[in-house]
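S.K.: the following block contains a protein sequence and its predicted model.
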Amino acid sequence: MEGSGEMSVVREPYVVPQNSPLALLAPDGNREGSDSEPEGWVLEDEHGKPADLSVLRGKMVGLYFSASWCPPCRTFSPQLAYFAEGHADDFVVVFVSSDHSEQEMRDYVKGKGFYRVRFNSSVRHQLVQYLGVNMLPTLVVCNADSGNVITTWGRMALMMNQQHCLQDWRRGLSGISLTSMLGLNSIGLNCMG
């Protein structure tokens, strides 16, 4: 491009931090147990197309454990989609479905802009086990660059502190205080998994 005045920017490839739940999202060949994903990819966009993990780079990642059959999930999902859309430069949602079929999953997240773990991927169950998820909905927030789990209380942080939770997550904080959590009436807020 000599004489054109344009500069090309070379970005380093995004490397998923090992020892992180995000490492489970890496394509086959880049994580242990790669024989279980015959098509080689785990993450897909809302249209079912393979998504490159570079979409996570520099962002807070909300691993969202939810299902269409769960009433509190159906209430929270639009709130999460709205938040993610408004903070698209800093926050991305990866949906981890507990639906009974791929079609239920697709219908449930249609139009929300969420990335998702392929329905037939064993990674859905591995993430549940790795993170000890035992209720729906659950929003686990991770820092994509460090791989650290910031909070397993992402849903409560978003509900109680929507204006400041993202800044708190960036600083490594949970985004919600213990006193705020204790003030919640949790009846009817969760579906037990």
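M.R.: Yep, it's here. Numbers count the residues shown, from 1 in each chain.
S.K.: ok so Arg116 is a strand residue?
M.R.: Yes: counting by DSSP: H, G, I helix; E, B strand; the rest coil, Arg116 is found in a strand.
S.K.: run a quick neighbour tally on it.
M.R.: 25 (other C-beta atoms under 10 Å). C-betas here are computed from N, CA, C, even on glycine.
S.K.: and the closest residue to it other than its chain neighbours, what are its bridge partners?
M.R.: Leaving aside its chain neighbours, Arg116 sits nearest to Phe95 (4.0 Å; criterion: C-beta to C-beta, 6 or more residues apart in numbering). Taking DSSP bridges as the rule, Phe95 bridges to Tyr64, Arg116.
S.K.: so who does Phe95 touch?
M.R.: Contact partners of Phe95, counting by C-beta atoms under 8 Å, 6 or more residues apart in numbering, are Tyr64, Ser66, Met105, Val109, Lys112, Phe114, Tyr115, Arg116, Val117.
S.K.: over to Cys165?
M.R.: Cys165 touches Gly154, Ala157, Leu158, Gly175, Ile176, counting by C-beta under 8 Å, 6+ apart.
S.K.: tell me the secondary structure for the spatially closest residue to it that is not a sequence neighbour?
M.R.: Among residues not flanking Cys165 along the chain, Gly175 sits closest, at 3.5 Å (C-beta to C-beta, 6+ apart). Judged by three-state DSSP, the three-state class of Gly175 is coil.
S.K.: and Glu104, how close does it get to Trp153?
M.R.: Noted for Glu104: a distance of 26 Å to Trp153, by C-beta to C-beta, to the nearest Å.
S.K.: repeat that for Gln126.
M.R.: 21 Å.
S.K.: same check on Ala51?
M.R.: 26 Å.
S.K.: again, but for Leu25
M.R.: From Leu25 to Trp153 the distance is 21 Å (C-beta to C-beta).
S.K.: what residues does Val55 make contact with?
M.R.: Applying C-beta under 8 Å, 6+ apart, the residues near Val55 are Leu43, Val92, Tyr115.
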